[in-house]
Structures are given as C-alpha cells and as structure tokens.
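Colleague: from the sequence below, what's the structure:
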Amino acid sequence: MNNVNLIGYLGKDFEVGTTNSGRVYAKNSLAITKRWKNEIGTSNDLLNFEFSFKVHKIQGFKGRERKYPYYQLTKDGFFLLAMGFTGKKALQFKIAFINAFNEMEKLLQKEIKSPNKYLTDLMELIYPNLPQNDYKVSVTITDNPYSKEAKNVFSLNYLVDNRTPKDPKKLQ
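Modeller: Residues are numbered from 1 along each chain as shown. Down below sits the predicted model:
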C-alpha cells in the first residue's frame, strides 16, 4: 500500500483521487470512478464532504488524446468509498480504521488529569457550567496575590465559538 502516493494536500483538506485508490486496492480505477458516480456522486447531501470531477488527459496511440475521468475526494469521501471495497487490502484498511477508532475511543474515555490538583478541581467546577453557544474564558494567574509584590504572571482571553476552540495566539 505504501508504493503509491494516495493522499495529497490541496488547499483546505486532504484529498484522494479515485485513480490512486484503484492502484492501492488493485481495483480498476475506471470502475471505482463509475461506482462513485452511481452510488454516491448523485447524493451530495449524504454527508458534509466535497468532491470534484476531473479528467486526466494523456497522449494515446498515434498521438490521439485519451481522457480518463476520476474524482478527487476528501478524506470523508474516500472513507465512504473504501469501506465498500472487498479483498485482502480492503480488509487491512478496515481493520486499521477500526483499531484507530478504538484508540480514539480510549483517549476520549480517559479522565484528563492535571499534575496540579487545583487545576483539576477548577476544571470540574467549570465544565458543567459551560454554555452551549459562544462564550469567552478569561484566565489570570497572579503570583503572591496577597502581598505587595503581587504580579500577574499569565493572562489569557480564550474565545469559544459554538464549542469549537479557536487558537488563542490568533486572538491576541
């Protein structure tokens, strides 16, 4: 599976061509393209993924131009397509996908522990009170807060947009 450059990064997302998918899975790339068009290509609203139809042109016999249609798929589109493949390589992919999913599940089920008990306690107090819509978290850490030498050593304003964190470095 490693001999073919299957995935490329084009602009905003990782993309996979149906032609390369055919090479990796030892499937006829034209059959894969046709399958994509017939099964999925007409139902744009199934999932939130984009794909684009393209034509690869090559010089054929006696200088004639030959056209090979293919789709450029996003990661989600590729997974949807690959889950329908059969054969040994397809089975290896499906098992690897399941293993990766299981690892992700283990990470999500782990309780995140901070080496600092006070931070863990703060998170337990904050988490149940988080709003469902946009909100801002402001954090200031003050060293020696009750002395004349009190000094703010850290300050952060963190905007959460629809429960999706933004990069705080870009907000400053």
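Colleague: tell me which element Leu73 is part of?
Modeller: Using DSSP states H and E, Leu73 maps to strand 65-74.
Colleague: let me fix that: Lys106
Modeller: Here Lys106 is assigned to helix 88-109, by DSSP H and E.
Colleague: buried residues in that helix, which are they?
Modeller: Within helix 88-109, the residues scored as buried using 16 or more other C-beta atoms under 10 Å are Ala90, Phe93. Quick note: C-beta positions are derived from backbone N, CA and C, even for glycine.
Colleague: got phi/psi on Lys148?
Modeller: Lys148 adopts backbone torsions of phi -70, psi -20, taken as degrees, to the nearest 10.
Colleague: how about Pro131?
Modeller: Dihedral pair for Pro131: phi -70, psi 160, per degrees, to the nearest 10.
Colleague: one step back: show me what the helix holding Lys106 is packed against.
Modeller: Contacts defined by 3 or more C-beta pairs under 8 Å, 6 or more residues apart in numbering; DSSP states H and E place helix 88-109 against helix 75-82.
Colleague: I'd like the average pLDDT over the helix it packs on.
Modeller: The average pLDDT for helix 75-82 rounds to 75.
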